[in-house]
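Undergrad: only geometry, no sequence info:
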């Protein structure tokens, strides 16, 4: 496998799992000229039951009926998060049929999928393309997977399917509610999770689409977040997931005084820089600090009578309260995190479900991410050029997926409220272990010891000048952290083997992840 | 142009407008093997404004910006019906740019589009593919159009675009509400028309998509019946249409005693045959007799406490009243016909907008049409084998489009409540002037002088046996009509030139329409 140095100065392989790759060329630089979207096979209604009842008894039967073969690609989705039962059923069924060398293409995998390790070891699964958390991440980090992992953002996953980079033979979609025709949503049933947007690309482009449900409703299952007209068959099972692990009853705010302070400082920055004004838009996640940011912001909006046009989440009770209180016209929701989020999406037309197509796909005619006034994100490491890492910690181990993180970097102002150090390891470094996002898209770092603004954003630097904010250079923050922690962090011990690559939003390779020794 | 005899015994051309054609092979017989859907070009967000503001000043500017050229295809839609201003603007703009030989691909054209006759005469428009009403229909019927007209059902139009039979270079979508990103719907604004489902295929598959609106809303315009991620630019105009001609204030019931009687008899048949029972589904149109059918049925449902699972329309006040009264769980709406329909769709989540993709596309993994228990349709002529015509009258002149008529024939029981004669011309004939739907899919003819059941439907014949209904053979009905009208109708005077062809739902040619002399 010949390596190349990409525009970000990272050494990346030119072939991955037998497919030629394009090295990262810079933000907005790679353009697909005279290329066309993937073209799925044309089907005929003559081959589907005229009654609209597409039920098939088991996942195994569905694989047999539609011809699962060695080397094919099966996709699954992470709407049921660490409560998902379906992705394990899928590969158990494939194993029973004696199938080998499958590519598993999840939108994300979780610790609950550890049983699939046996299928990785036995050769049923050749490799995973998708974010890998917990035991699967460790398996890959240690160099044990036959193929190379490929990590994509939510938008990058849509782009890869749309562009034909990843051809899905079988998409298996877990559906909390479905009718026998395959119209499905995540709004009702014991495994209600909110929306099914991560499966949209799969339903549109896969050769065969299997909906798996534990809550069959009579036709029509409305709204059809997944359209039955794209679905080949519906399989009923006892349970698609463990509700207690799919979604939290209520989302918990962080109690760490440091994180609360960082969130409060980030809100102060957003206010003083003029970003927060009537009609603004904001995306922040459901993680501890992001959530605290939202809550502090809400209090100020109430006090000052400011109203947002739309907010994007990870929806939580905090966000749905703001919608119901009239603090925002709309929630554009990419993923629902608690029961209030699910209820609100089910009941309130102003709580709109979205998909990686609408929100993030870089190979569309624009997407929503760049329209946002402000985006609040996390990072495991940031370097002096504001380049950031989210997939590995400084030990080099695959920690979690990219999610919508890369896509959100296109927001007008990107703010990372992060601690200056974690477990006495500084977060600001000379060179991030894994480059996930280019510094030119990251505008502000807010830490417990000060705020660093990217020198490219002179407008922001000027806007907050003399406002009494603790503005520092990123170099100063780095030095403070190193003083406190007693020097720069140790380099991780990495081997030569590339265990995974990180795709940029346009399908090019921005970095490679090496084996942890 | 070599002609072939198709499976229905009709002589059809093998090449139309330079494209090879497949003759009709029978219901469900033609299957696209190893064929793939159309693959639109991959775009990059780098080429669209990051602000999300895609506004361009005029339609002409949009054509210039994206390179309209001679011989291209431009699509428009009939959501604004006979009140539409946009399709005329489109070809005026093309004419100003000196463009020639365009294919106009409307979902339907109306008398309001008569000004485009000048562009047909001058060569700006080469030919129309889409239903042609009024003056445009006459122009084509008389053999004046340069190319050959192609008439498709709503589902056939989706199929043709999806399958790449019709490549759209520019789709122009009239939008009663849109944001600057191109998210659009038909629910609000002076030209509110309900839904925009006929433009779905165009938004998905056209090279370039132009949204034209007179009601720009701030992002996000929700719901996004048309997704801005598929839209290249947005053009603001003073007015997209005349509200008084787009939609009626309230729908009027027929007052003809004959039609009321036919409708009542059709309801009696539907009741006695056992079709109408708790949980049933029905599609009926907004035409006089269909509407009367719905109203009579509603009265019985109220009386007998019967509730439908879903009803499909053409929605009207009658249908929305039934929804609000709890007589049906859902309306699955393909086209909104009055202001109550628009209001209900805007306010009631159980009033679901649909598209030809969900409802009718035969080259999908099934569609909704075949799930319906009963479908109420019209016809201009029916023959002894129950074959029917909807596009020409017995004078051979192109009268109106196919709409969803062919697609609806796949419903479980298809009932045509039709008068035995119109203007003293019998409706039941030896051979329909233009074959639009094969008799094997048509089950029941209800006339003012009796009901004929297709002999293929022994189950229906047995179900109503001894129920006191005036059941006759279709031969008997034909003879009665001829006795009253004084003989069989005169054959129309037709020339040899094929002025248009009728596509079946699978893209094959079921019949040709000859020039009227």
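TA: On my side now, so go ahead. Note that this is a predicted model, so its numbers are computed, not measured.
Undergrad: got any ranges where chain A has weak pLDDT?
TA: A:1 (pLDDT under 70).
Undergrad: How about the contacts made by the most centrally placed residue in it?
TA: Centroid-nearest residue in chain A, with C-alpha atoms, centre = their mean: residue A:403, separated by 1.6 Å. Contact partners of residue A:403, counting by C-beta atoms under 8 Å, 6 or more residues apart in numbering or on different chains, are A:108, A:131, A:153-154, A:390. Any C-beta I mention is one placed from the backbone N, CA and C, and that applies to glycine too.
Undergrad: Using the three-state scheme, assign residue A:220.
TA: coil (DSSP: H, G, I helix; E, B strand; the rest coil).
Undergrad: Tell me the spacing between it and residue B:328.
TA: Distance of residue A:220 to residue B:328, computed by C-beta to C-beta, to the nearest Å: 11 Å.
Undergrad: Quick check: neighbours shared by those two?
TA: residue B:310.
Undergrad: circling back to that earlier point, with the contacts of residue A:403 in mind, which one is nearest to chain B?
TA: Of all the contacts of residue A:403, chain B sits closest to residue A:153, with 13.1 Å by C-beta to the nearest C-beta.
Undergrad: Residue A:115 and residue A:87 touch, don't they?
TA: No: with contact defined as C-beta atoms under 8 Å, residue A:115 does not reach residue A:87; the gap is 9.3 Å.
Undergrad: The stretch 1-150 of chain A against chain B: which residues are in contact?
TA: Residues of the stretch 1-150 of chain A lying close to chain B by C-beta under 8 Å from any C-beta of the partner chain are A:28-32, A:34-52, A:54.
Undergrad: same check, this time on the stretch 401-517 of chain A
TA: Near chain B, when you scan the stretch 401-517 of chain A using C-beta under 8 Å from any C-beta, you find A:410, A:506.
Undergrad: which residues of the stretch 401-517 of chain A fall in strands?
TA: A:413-417, A:421-422, A:425-426, A:428-429, A:444-447, A:450-453, A:471-472, A:494-503, A:509-516 (DSSP state E, counting those that start in this stretch).
Undergrad: So which of these is nearest residue A:212?
TA: strand A:494-503 (27.7 Å; C-beta to C-beta).
Undergrad: elements contacting the closest one?
TA: Packing contacts for strand A:494-503, counted by 3 or more C-beta pairs under 8 Å, 6 or more residues apart in numbering or on different chains; DSSP states H and E, involve strand A:11-13, helix A:134-141, strand A:149-151, strand A:509-516.
Undergrad: Give me the angle between the last one and strand A:494-503.
TA: Calculated by axes from the mean of the first three to the mean of the last three C-alpha atoms, to 10 degrees, strand A:509-516 forms an angle of 150 degrees with strand A:494-503.
Undergrad: Touching strand A:509-516 from outside, list them.
TA: Outside strand A:509-516, the residues touching it (C-beta under 8 Å, 6+ apart) are A:3, A:6, A:8, A:10-13, A:16, A:21-24, A:141-143, A:149, A:151, A:391-392, A:395-398, A:434-436, A:438, A:492-504.
Undergrad: For ChimeraX, write a command that selects the buried ones of these.
TA: Applying 16 or more other C-beta atoms under 10 Å in any protein chain shown to those, the buried members can be selected in ChimeraX as follows:
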select /A:6,8,10,12,13,16,21,22,23,24,141,149,151,391,392,395,396,397,398,434,435,436,438,494,498,499,500,501,502,503,504
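Undergrad: Next one: residue A:215 relative to residue A:185, how far apart?
TA: 10 Å.
Undergrad: Spell out which parts of the stretch 201-350 of chain A neighbour chain B.
TA: Residues of the stretch 201-350 of chain A lying near chain B (C-beta under 8 Å from any C-beta): A:209, A:218-220, A:222-224, A:227-232, A:279, A:309-310, A:330, A:332, A:349-350.
Undergrad: Tell me which entries of those lie within strands.
TA: When DSSP state E defines the strands, the subset of those inside them is A:209, A:309-310, A:330, A:332.
Undergrad: just the helices in the stretch 201-350 of chain A please.
TA: Secondary structure of the stretch 201-350 of chain A, counting by DSSP state H, counting those that start in this stretch: helices at A:243-246, A:257-272, A:288-304, A:317-325, A:339-347.
Undergrad: Compile the ones you listed into CSV and extend it with columns for mean neighbour count and distance to residue A:473.
TA: Shown next, in CSV, are these (neighbours: other C-beta atoms under 10 Å in any protein chain shown; distance: least, C-beta to C-beta, whole Å):
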stretch, mean neighbour count, distance to residue A:473
helix A:243-246, 17, 43
helix A:257-272, 21, 16
helix A:288-304, 20, 22
helix A:317-325, 20, 33
helix A:339-347, 21, 39
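Undergrad: Just put these in CSV and tack on distance to residue B:411.
TA: Shown next, in CSV, are the helices of the stretch 201-350 of chain A (distance: least, C-beta to C-beta, whole Å):
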stretch, distance to residue B:411
helix A:243-246, 39
helix A:257-272, 56
helix A:288-304, 50
helix A:317-325, 41
helix A:339-347, 31
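Undergrad: okay, residue A:115 and residue A:87: which has more neighbours?
TA: residue A:87 (24 against 13; other C-beta atoms under 10 Å in any protein chain shown).
Undergrad: Is the more buried one in contact with residue A:107, as I believe?
TA: No: the pair formed by residue A:87 and residue A:107 falls short of the contact definition of C-beta under 8 Å, at 10.3 Å.
Undergrad: Give me the common contacts of these two.
TA: By C-beta under 8 Å, 6+ apart, the residues touching both residue A:87 and residue A:107 are residue A:76.
Undergrad: And the closest residue to residue A:277 other than its chain neighbours, how close does it get to residue A:300?
TA: Distances taken as C-beta to C-beta, 6 or more residues apart in numbering or on different chains place residue A:306 nearest to residue A:277, at 6.5 Å, with adjacent residues excluded. The gap separating residue A:306 from residue A:300 is 7 Å, by C-beta to C-beta.
Undergrad: shared neighbours of these two, anything?
TA: Common neighbours of residue A:306 and residue A:300 (C-beta under 8 Å, 6+ apart) are residue A:276.
Undergrad: Could I get the full set of helices for the stretch 351-500 of chain A?
TA: A:356-359, A:405-408, A:458-463, A:474-485.
Undergrad: elements contacting the second one?
TA: Looking back up the chat, that one is helix A:405-408. Looks like helix A:405-408 contacts helix A:154-162 (3+ C-beta pairs under 8 Å, 6+ apart).
Undergrad: The helix it packs on: what's the following helix or strand?
TA: Using DSSP states H and E, the helix or strand that follows helix A:154-162 in sequence is strand A:170-175.
Undergrad: Burial check on the closest residue to chain B within the stretch 201-350 of chain A, number of neighbours?
TA: Closest to chain B within the stretch 201-350 of chain A is residue A:229: 4.3 Å, counting by C-beta to the nearest C-beta. Neighbour count for residue A:229, taken as other C-beta under 10 Å: 24.
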